[in-house]
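J.: model this:
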Amino acid sequence: MLFKRLARHLLTSRATVNRYFPPSCIAALKGAISASETTHRGEIRFAIEAALPPLRVLRGVSARERALEVFSDLRVWDTDDNSGVLVYVLLADRAIEIVADRGINLRTANGTWLRIAQTMQEAFSHGRYEAGALAGIGAISQELARHLPASDRNPNELDDDITLL
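T.: Model prediction:
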């Protein structure tokens, strides 16, 4: 199992990211995030990583562990309402992890983020990467708008760009 995972990570490159998430898709995702953030006080970040370095795979670093690192590195936690949400896609593992800061995580029902990730994964498994990612952004936005609706003071605290790692 470890060697299969290692092989997947060695064979998955930035070209794979570009194939599944071409520039037009990246632009659509960025636009969806920007539009969604006008409806709530949350912040959505979307990060895509082709693969982990071989040594990290051999050490058993999971997609969830890496997502938590990225959450910290991108400072998704650094918002006034503690309402940042990271969508992390690790292509080599075919994994989607959603990490939400405590200000929104405490307000949502158990399993919410997992359900959204599973919906995205279903679309991805059928080759519908843009549709799956947009559905995920939409579902996250609905949760944020339900629990933290936009107010008069609604700054854009985090960059809306899609991060390619």
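J.: Now find how far off-centre the host helix or strand of Glu130 is within its chain.
T.: Assigned by DSSP states H and E, Glu130 belongs to helix 129-147. Between the centre of helix 129-147 and the centre of its chain there are 10 Å (CA atoms, centre = their mean, to the nearest Å).
J.: What are the buried residues along that helix?
T.: Within helix 129-147, the residues that qualify as buried are 129-130, 132-137, 139-141, 143-145, 147, counting by 16 or more other CB atoms under 10 Å. Every C-beta, even on glycine, is put in place using the N, C-alpha and C of the backbone.
J.: what do you get for stretch 57-76?
T.: Buried residues in stretch 57-76 (16+ other CB under 10 Å): Val57, Ala63, Arg66, Ala67, Val70, Phe71, Leu74, Val76.
J.: The last one should be in a helix, yeah?
T.: No: counting by DSSP: H, G, I helix; E, B strand; the rest coil, Val76 falls outside a helix, being coil.
J.: How much space separates it from Pro155?
T.: Separation of Val76 from Pro155 (CB to CB, to the nearest Å) stands at 15 Å.
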